[in-house]
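[1] Got a predicted structure plus its sequence, pasted below:
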Amino acid sequence: MMMPRAVRQASQPAEYRLFDQLPPPSAMLDEVIAGLTQQPKRIAPKFFYDERGSRLFEAITGLPEYYLTRTEMGLFDACLPEVHDRIGGGGCLVEYGAGSSVKIRRLLEELQPRTYLPVDISRRHLEQSAQALHADYPHLSVYPICADMTAPFELPAVVAGLDKLGFYPGSSIGNFEPGDAQAFLRQVATTLGAGGRLLIGVDRKKDVNVLEAAYNDSAGITAEFNLNILRHLNSALATEIDPAGFRHRADYNEESGCVQMFLECVKDQSSRVDGRIIDFAEGELVHTENSYKYGHEQFADLAAGGGFKVEASWSDADAYFTLFLLIAQ
Ligand SMILES: C[S@@+](CC[C@H](N)C(=O)[O-])C[C@H]1O[C@@H](n2cnc3c(N)ncnc32)[C@H](O)[C@@H]1O
């Protein structure tokens, strides 16, 4: 289906262009203040990711307890040739939350798109990995989009009319509340257009010990990643919240099927946030991330509510993780 467009594109030189649609720091600050002045307090997970946060996440993906990345990549051998058979090469690949440069290289090699659009909120990390890919794949046009994908954003006009495959790996869909996940999928379905596909990684429900170990690694990297949210806010927004006043905590909530990550306050303290004082009590939990886990049918239903139908899926032998190929209705 993508071949005629691929042939048409082949005569065009490959390009690199950054599209910056990041909201201003004032919008970030408003969101942080709103989260810290509600009960219970919360800071959205998108604030983990400055350059250091992105590097810490890359380190997490290599940890022995963090089965997600290696299990998802273990499915690529079976999945990617089949995806290529279904869509052909030469199209436009849009990656949502494009933090990992390892996964995308497998897709670029196996699916042979002509155009790649990585979307990410972590600007410096995005630019570095997008530039490296442009250098390593000279026939690939790379258009990084720096944006908060939880709000609507535009794809550049240069890809209008091209057949699109979305890629949303790492079970990041689990970071949304289920209703918000459906709203996000509806936005993705609109962006990709009817008939557009989305390859999406989904972490499955499993033994609580396996889940909790993945978010409480023995090397303490996840703890460092969680605390980095405060370091990032302090440097980007000049807040003054002392990371030493908090400790990492992650628990699986069986009822909601969700690993919840918190910063637990270790002492009574007051912090300055843009001229106002925020009080934290000893033992208080500041919510930083949800990671919802899904059953196979449960996710298929969620995708249907988001405007997608399951076209194919690939799971490992332990049913730890599933890659779904969805098609926009
Ligand atoms: C958990 S990491 C996953 C990285 C990689 N895709 C993987 O599968 O290993 C989430 C990525 O999404 C990006 N991200 C998180 N929230 C975002 C948002 N609201 N808008 C855009 N990017 C976001 C982060 O910067 C990070 O690169």
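    All right, it came through fine.
[2] can you give me the helices for the stretch 1-150 of the chain?
    3-10, 25-36, 51-61, 67-74, 76-87, 101-111, 123-136 (DSSP state H, counting those that start in this stretch).
[3] can I get the ones you listed in TSV with mean neighbour count?
    The C-beta positions use only the backbone N, C-alpha and C, and glycine is treated the same way. Converted to TSV, these look like this (neighbours: other CB atoms under 10 Å):
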stretch	mean neighbour count
helix 3-10	14
helix 25-36	15
helix 51-61	19
helix 67-74	20
helix 76-87	15
helix 101-111	17
helix 123-136	17
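[4] quick one, which of the ones you listed is nearest to residue 242?
    Closest approach to residue 242 among those is made by helix 25-36 (14.1 Å; CB to CB).
[5] rewinding a little: which of the helices of the stretch 1-150 of the chain has the lowest mean pLDDT?
    Of all those, the minimum mean pLDDT falls on helix 3-10 (a mean of 42).
[6] quick one: which of the helices of the stretch 1-150 of the chain is nearest residue 310?
    Once the helices of the stretch 1-150 of the chain are compared by CB to CB, helix 76-87 is nearest, at 13.1 Å.
[7] what does that closest one contact?
    For helix 76-87, the external contacting residues (CB atoms under 8 Å, 6 or more residues apart in numbering) are 1-2, 103, 106-107, 110-112, 163, 165, 197, 199, 311-312, 314, 323, 325.
[8] Can you tell me which of these end up in strands?
    Cross-referencing the contacts of helix 76-87 against strands under DSSP state E gives 165, 197, 199, 311-312, 314, 323, 325.
[9] Now a ChimeraX select for only the buried ones of those residues.
    Selection of buried members from the ones in strands among the contacts of helix 76-87 for ChimeraX, criterion 16 or more other CB atoms under 10 Å:
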select :165,197,199,314,323,325
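[10] one step back: nearest to residue 262, of the helices of the stretch 1-150 of the chain?
    helix 25-36 (12.9 Å).
[11] Does anything pack onto the closest one? Which helices or strands?
    helix 221-237, strand 269-273 (3 or more CB pairs under 8 Å, 6 or more residues apart in numbering; DSSP states H and E).
[12] next SSE after the shortest one?
    Per DSSP states H and E, strand 269-273 leads on to strand 276-280 as the next helix or strand towards the C-terminus.
[13] So for that next one, what gets flagged as buried?
    278, 280.
[14] and the protein, which of its residues are near the ligand?
    Residues of the chain lying close to the ligand (CB under 6 Å from any ligand atom) are 46, 49, 54, 57, 61, 69, 97-100, 103, 119-122, 148-150, 169-170, 172.
[15] Mind giving me the PyMOL select for these, buried ones only?
    Command for PyMOL that selects the buried part of the residues of the chain next to the ligand, burial taken from 16+ other CB under 10 Å:
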select buried, resi 46+49+54+57+61+69+97+98+99+100+103+119+120+121+122+148+149+150+169+170+172
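[16] The residues of the chain next to the ligand in strands, which ones?
    Judged by DSSP E, strands contain the following of the residues of the chain next to the ligand: 119-120.
[17] Now the two most distant members of the ones in strands among the contacts of helix 76-87.
    165 and 314 (15.5 Å).
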